[in-house]
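Trainee: Here is a sequence with its predicted model. Questions after.
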Amino acid sequence: MLAQQVDESQYEVLVIDNRSTDGTADAIRGIQERPGVGPERVRCIREDKLGLSAARNRAIREARGEYILFLDDDAVARPGWMGAIVDVFERDPAIGCVGGRIDPVWEGGEPDWLPEAFKTLYTVLDFAPRVVEMEAPRIPFGANVAFRAALFREHEPFREDLGRVGSSLLSNEESELIGRIRRSSTVYYTPHAAVDHKIDRSRISRKWFLRRVYWQGISDAARGGRGAAYMLKQALKIGPSALLLLLSLPNPQKQMVQLRRIQYSNGYIAGRLGWFK
């Protein structure tokens, strides 16, 4: 962040310490002590309410700039990232949200069982080769997304009943917020604001991926907006998908397609009925 090619007087860096126990605060103090940095340029703020949405909302409350740019703790911005996002915002005041490209850095190598279409579940995004509007239902991802700060004077921020808390994989806080923002603003994507997203070795397994899919089903149920008919539709998918799974066993990617359908349906049903922890 400090290496971005932007006048240092034009931006600040906020680090939200969400009850960390890994020495985050000490590491930030070390950065603040570097020549030309200081606690005004890089601020570390502790948020005791655990959860990704709570941490992001604290950043929204604390931010002093015209635009709020979010990075996850496992994403590294490339040179020019900040300027590319600001350039899109300054095209049109109706643009309320801008997202950028997210390139995976697979720790231990990319898995051969993962179909290309499912990489989005690992927060991978390469939407277009140029700056374009992202129309619903497509959205940027929270590892590389920015908002016009003024939006939060008319819209509530992230729903804190959605999003990661502790070890849960609950999500949809981004899609829910961006869905509301689209009522008054447009959403854009730029490939020129790229980040490298580290995907930890512990996540590169079928077990983790299927857990992620299961929690996506729970998350869709938690967000609401779909009735009992959708739950019935998911229940009716399980049997045929199980049969297709048997037929696809020699092919690991085709097998994963069917396992994903089964796990998503199970998760959605569990979410609707409250059968999850």
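Mentor: Arrived safely. Note that the structure is a prediction, hence the values are computed from the model and not measured. Numbers count the residues shown, from 1 in each chain.
Trainee: how about the helices in the stretch 1-150 of the chain?
Mentor: For the stretch 1-150 of the chain, helices defined by DSSP state H, counting those that start in this stretch occupy the ranges 24-32, 38-41, 52-62, 81-89.
Trainee: and the last one, which residues are buried?
Mentor: Which is helix 81-89. Within helix 81-89, the residues that qualify as buried by neighbour count (16 or more other C-beta atoms under 10 Å) are W81, M82, A84, I85, V86, V88, F89. Quick note: C-beta positions are derived from backbone N, CA and C, even for glycine.
Trainee: what residues does that helix touch?
Mentor: For helix 81-89, the external contacting residues (C-beta atoms under 8 Å, 6 or more residues apart in numbering) are 1, 4-6, 11, 67, 69, 95, 98, 100, 131, 146, 148, 188, 190, 192-195.
Trainee: What of the longest one?
Mentor: Under the criterion C-beta under 8 Å, 6+ apart, residues 14, 16, 18, 43, 45, 47, 68, 70, 142, 147, 149, 152, 157-160, 162-165, 173 lie in contact with helix 52-62.
Trainee: I would like a PyMOL command selecting only the buried ones among these, please.
Mentor: Buried subset of the contacts of helix 52-62, written as a PyMOL selection, criterion 16+ other C-beta under 10 Å:
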select buried, resi 14+16+18+43+45+47+68+70+142+147+152+157+158+159+160+162+163+164+165+173
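Trainee: In stretch 172-184, which residues are buried?
Mentor: The neighbour-count check on stretch 172-184 (16+ other C-beta under 10 Å) flags N172, E173, E174, S175, E176, L177, I178, G179, I181, R182 as buried.
Trainee: what's the average pLDDT for it?
Mentor: If you average the pLDDT over stretch 172-184, you get 97.
Trainee: will you turn the helices of the stretch 1-150 of the chain into a markdown table that also has mean pLDDT and distance to L245?
Mentor: Output for those, formatted as a markdown table (pLDDT from 0 to 100; distance: least, C-beta to C-beta, whole Å):
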| stretch | mean pLDDT | distance to L245 |
| --- | --- | --- |
| helix 24-32 | 92 | 43 |
| helix 38-41 | 88 | 54 |
| helix 52-62 | 98 | 32 |
| helix 81-89 | 98 | 41 |
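Trainee: Quick one: closest of the ones you listed to P252.
Mentor: Nearest to P252, of all the helices of the stretch 1-150 of the chain, is helix 52-62, at 31.1 Å by C-beta to C-beta.
Trainee: Show me which residues of the closest one are buried.
Mentor: Quick answer for helix 52-62 (16+ other C-beta under 10 Å): L52, S53, A54, A55, R56, N57, R58, A59, I60.
Trainee: Burial check on W113, number of neighbours?
Mentor: Residues lying near W113 (other C-beta atoms under 10 Å) number 16.
Trainee: same question, the one 4 residues further on
Mentor: By other C-beta under 10 Å, 10 other residues sit near A117.
Trainee: And it, how far from M82?
Mentor: Between A117 and M82 the computed distance is 30 Å (C-beta to C-beta, to the nearest Å).
Trainee: Strands of the protein, start to end?
Mentor: Assigned by DSSP state E, the strands in the chain fall at 13-17, 42-46, 67-71, 75-77, 95-106, 132-133, 144-148, 186-199.
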